[in-house]
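J.: Have a look at this fold, sequence not included:
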């Protein structure tokens, strides 16, 4: 008898025992039987399965035809035995007829051995063909195998179910491969990266990350091998291999200015970036080539750009949960970062916020997450939320949104003060927007009336070819797509529940204040994220001035907002002199906000809460620059929505020039071949004051 093969026995909690083994002929036999079934019956069924698979067909062509089945009462062509590790003789054998086996489950109860007790580590499953003459006498051809085949049972062995490989690989960007494992210790995988027969990198851990740096690597396809381990021992399971995609040269992106450590001595990099979740990229950007929206392609560009900026603190929003685990976290850990991730909507959220901290600069002391739809019922925030809960539409938003905020407490060198980082992505939902007629405005272009619940704006700065492309695509959606007139503004962000964002920011800052009271008074604060608010809105006014009065016009907008209504409904009750044609409030922005506007507040609308916070925030970008430029630049909207604010023992300055509009519209808008997101990052440098 040849050396035993391996029979994989999987018991996964579904009440079945799953068997799998490979015959010398190459056939893979798989079967599943109830755990509490008598062993004799299971062996009989296995013998019938083997007879059908190995004796009733002669090749792939025959399998397409109706297979010959053993006639009723005919004995299977195999004797199947199971020898337990504690016995030398066979524990159970089946050589009789199928009729006799059918009565096996009627055997006396307590003495009957079940599958769960029999299929254990070390048990030997043997298959022996019956006499060819006997088989031929029953009308079956002789089996195509040796006389006896043995398989040693291995219960729940560590296994690699799948290797998660990148779909795009660029020179200079880490190639990260992770594994989906079963019954394995994720930290005990043995990895090998090969080019041909040359081993480029090997190691033990939960992933392998290799950075191709040579020009010779372009066009090459690396191979990766993974062998799972368990019980603190690496490499116990079977080796699984995959061939990766060919390495490419990344598209040129000249606006990225690589960080210069010598020029920024004493300063640390800081990045905030909405990287566009995959779920929000589908069917939204018709001007983008499909291959440039693939999340694997976009994620490689994101990592490449973050590498160039070399930040000590990197705050990301709209991070796909799977992309974080399979690429962002391994790639950043490979470069010396610690990652903190908080999914929106709980552990099953498809996207969320992530903060990466450079280990050489800071140590993560603790992380916390504020879930805003739970905060609305938290007594600590009752003064903020309860006055608005009488409005059924506002209450629906407060309890429905999945907005979160991360708080990461950091500790630097002995000479620096502690640091608290806040990272959030404020509420915005298309449910509050229905496409409505609009007039043409010099800055905001024209809005088309469409039966779909979305709003598409064409901006005059965008090239006409791109606008025509989007128009032609939308023409197929609605044949009545025609520009019409409206008496209401349609700024796509100004009217979408601004009061909700105001209260959320107030709750976040109140929460941060409570945390910072437990820390030294010199603790620094960084507040970063996609606030879904343009510079003239109440959220930015609140952050920069420290207060929003009860008579701020955005409370009136919020009071009139309807969950299923369009942007016009959200502006009802706001006097026309308070709104320009573009939907922005008038005034010499950003020189002076006019927060105290009680004489303009509609008398039928109750005042909002009087909000204030204790932080003196500064920004690396001036408000004049924000008003004149964009961090979100699509065919539907362009404006500044992403911010970095610092307070306490933190000094902050800009680190990158604002990306010019002509660069953003080279391919109509972003995302594009060179911009992986519909947002561009805000990049700054900061330094901590001494304690």
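T.: Great, that's in hand. This is a predicted model, so every value here is computed, not measured.
J.: alpha carbons only for contacts and neighbour counts from here, please
T.: Will do.
J.: In contact with residue 319, which residues are there?
T.: Contacts were defined as CA atoms under 8 Å, 6 or more residues apart in numbering; by that measure residue 319 touches 274, 275, 276, 277, 351, 352, 353, 354.
J.: And for residue 336?
T.: 358, 359, 360.
J.: so what pLDDT did the first one get?
T.: What it means is residue 358. Note on residue 358: pLDDT of 97.
J.: thinking again about what came up before, among the contacts of residue 336, which ones are in strands?
T.: Among the contacts of residue 336, DSSP state E puts residue 358 in strands.
J.: Just the buried subset of the contacts of residue 336, please.
T.: A residue is treated as buried here by neighbour count (16 or more other CA atoms under 10 Å); on that basis the buried members of the contacts of residue 336 are 358, 359.
J.: Can you lay out the contacts of residue 336 as a markdown table showing distance to residue 182?
T.: Converted to a markdown table, the contacts of residue 336 look like this (distance: CA to CA, whole Å):
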| residue | distance to residue 182 |
| --- | --- |
| 358 | 32 |
| 359 | 31 |
| 360 | 34 |
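J.: so which of the contacts of residue 336 comes closest to residue 238?
T.: Using CA to CA, residue 359 is the member of the contacts of residue 336 that sits closest to residue 238, with 34.8 Å.
J.: Phi first, then psi, for that closest one.
T.: Main-chain torsions, residue 359, degrees, to the nearest 10: phi -60, psi -30.
J.: for the helix or strand harbouring residue 555, packing partners?
T.: Using DSSP states H and E, residue 555 sits within helix 553-560. Applying 3 or more CA pairs under 8 Å, 6 or more residues apart in numbering; DSSP states H and E, one finds that helix 553-560 contacts helix 498-516, helix 567-570.
J.: pLDDT below threshold where in the stretch 451-600 of the chain?
T.: Flagging of the stretch 451-600 of the chain using pLDDT under 70 yields the residue ranges 451-496, 563-600.
J.: Pick the most deeply packed of the helices and strands packed on helix 553-560.
T.: Highest mean neighbour count among the helices and strands packed on helix 553-560 (mean count of other CA atoms under 10 Å): helix 567-570, with a mean of 24.
J.: worst-scoring helix or strand of the chain, pLDDT-wise?
T.: Ranked by mean pLDDT, DSSP states H and E, the weakest helix or strand in the chain is strand 457-458, scoring a mean of 33.
J.: ok, the contacts of residue 319 vs residue 9, which is closest?
T.: The shortest separation between residue 9 and any of the contacts of residue 319 is 36.1 Å, and it belongs to residue 351 (by CA to CA).
J.: and the closest one, what pLDDT?
T.: So, for residue 351, pLDDT stands at 96.
J.: Quickly list what it is bridged to.
T.: With DSSP bridges as the criterion, residue 351 is bridged to residue 320.
J.: Would you agree it is in contact with residue 344?
T.: Yes. The pair residue 351 / residue 344 is scored as a contact, 6.1 Å apart, by CA atoms under 8 Å.
J.: neighbour count winner among those two?
T.: Using other CA atoms under 10 Å as the criterion, residue 351 and residue 344 rank with residue 351 on top: 26 against 23.
J.: Can I take it that residue 297 is in a helix?
T.: Yes. Per DSSP: H, G, I helix; E, B strand; the rest coil, residue 297 lies within a helix segment.
J.: for this structure, which spans come out with low pLDDT?
T.: Ranges of the chain meeting pLDDT under 70: 1-2, 56-74, 88-111, 131-147, 262, 414-415, 429-496, 563-604, 690-691.
J.: residue nearest the centroid of it?
T.: Taking CA atoms, centre = their mean as the criterion, residue 320 is the residue nearest the geometric centre of the chain, at 1.6 Å.
J.: How about the contacts made by that one?
T.: Here residue 320 is in contact with 277, 278, 350, 351, 352 (CA under 8 Å, 6+ apart).
J.: how about a markdown table for those, with distance to residue 253 added?
T.: Listed next are the contacts of residue 320 as a markdown table, based on distance: CA to CA, whole Å:
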| residue | distance to residue 253 |
| --- | --- |
| 277 | 22 |
| 278 | 22 |
| 350 | 29 |
| 351 | 27 |
| 352 | 27 |
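J.: Now the buried members of the residues you listed.
T.: With neighbours counted using 16+ other CA under 10 Å, these contain these buried positions: 277, 278, 350, 351, 352.
J.: Now for the third one: which residues touch it?
T.: When contacts are counted by CA under 8 Å, 6+ apart, residue 350 is found next to 320, 321, 322, 343, 344.
J.: could you redo the last one with a cut-off of 10 Å?
T.: The neighbours of residue 350, taking CA atoms under 10 Å, 6 or more residues apart in numbering as the test, are 277, 278, 279, 318, 319, 320, 321, 322, 323, 343, 344.
J.: Same check on the second one?
T.: Shown here is residue 278, whose contacts under the criterion CA under 10 Å, 6+ apart are 293, 294, 295, 296, 298, 318, 319, 320, 323, 350, 351, 677.
J.: burial measure for residue 669, as a count.
T.: The burial count assigned to residue 669 is 28, neighbours taken as other CA under 10 Å.
J.: Next: residue 266.
T.: Burial of residue 266 is recorded as 11 neighbouring residues (other CA under 10 Å).
J.: go on, residue 605?
T.: Here the count is done by other CA under 10 Å, and residue 605 has 15 residues near it.
J.: Could you figure out how far the helix holding residue 555 is turned away from helix 498-516?
T.: Direction vectors for helix 553-560 and helix 498-516, defined by axes from the mean of the first three to the mean of the last three CA atoms, to 10 degrees, enclose an angle of 120 degrees.
J.: any idea how far helix 553-560 is from the chain center?
T.: Centroid separation between helix 553-560 and its chain, computed with CA atoms, centre = their mean, to the nearest Å, is 34 Å.
J.: got it, and stretch 661-673?
T.: Averaged over its C-alpha atoms, stretch 661-673 has a centre that lies 25 Å from its chain's centre (CA atoms, centre = their mean).
J.: Quick check: buried residues in that stretch?
T.: So stretch 661-673, judged by 16+ other CA under 10 Å, has buried residues 661, 664, 665, 667, 668, 669, 670, 671, 672, 673.
J.: can you check stretch 652-660 too?
T.: 652, 653, 654, 655, 656, 658.
J.: Identify the residues contacting the third one.
T.: With contacts taken as CA under 10 Å, 6+ apart, residue 654 has the following neighbours: 269, 270, 619, 620, 621, 622, 682, 683, 684, 685, 686.
J.: quick one: what helix or strand has the nearest residue in space to residue 640 that is not next to it in sequence in it?
T.: Spatial nearest neighbour of residue 640, chain neighbours left out: residue 630 (4.3 Å); criterion: CA to CA, 6 or more residues apart in numbering. Taking DSSP H and E as the definition, residue 630 sits outside all helices and strands.
J.: cool, and residue 624?
T.: Taking DSSP H and E as the definition, one finds residue 624 inside helix 623-628.
J.: Give the residues shared as contacts by residue 351 and residue 344.
T.: When CA under 10 Å, 6+ apart defines a contact, the residues bordering residue 351 and residue 344 alike are 318, 319, 321.
J.: and which of the contacts of residue 278 is nearest to residue 244?
T.: Of all the contacts of residue 278, residue 296 has the smallest distance to residue 244: 12.8 Å, by CA to CA.
J.: give the contact list for the closest residue to that closest one other than its chain neighbours.
T.: In space, not counting the residues next to it along the chain, residue 296 is nearest to residue 167; the distance is 5.5 Å by CA to CA, 6+ apart. Under the criterion of CA under 10 Å, 6+ apart, the contact partners of residue 167 comprise 175, 244, 245, 246, 294, 295, 296, 297, 300.
J.: how much space between the third one and residue 313?
T.: For residue 245, the distance to residue 313 (CA to CA, to the nearest Å) stands at 31 Å.
J.: quick one: which of the two has more around it?
T.: Looking at residue 245 and residue 313 with other CA under 10 Å, you find the greater number of neighbours at residue 313, namely 24 against 17.
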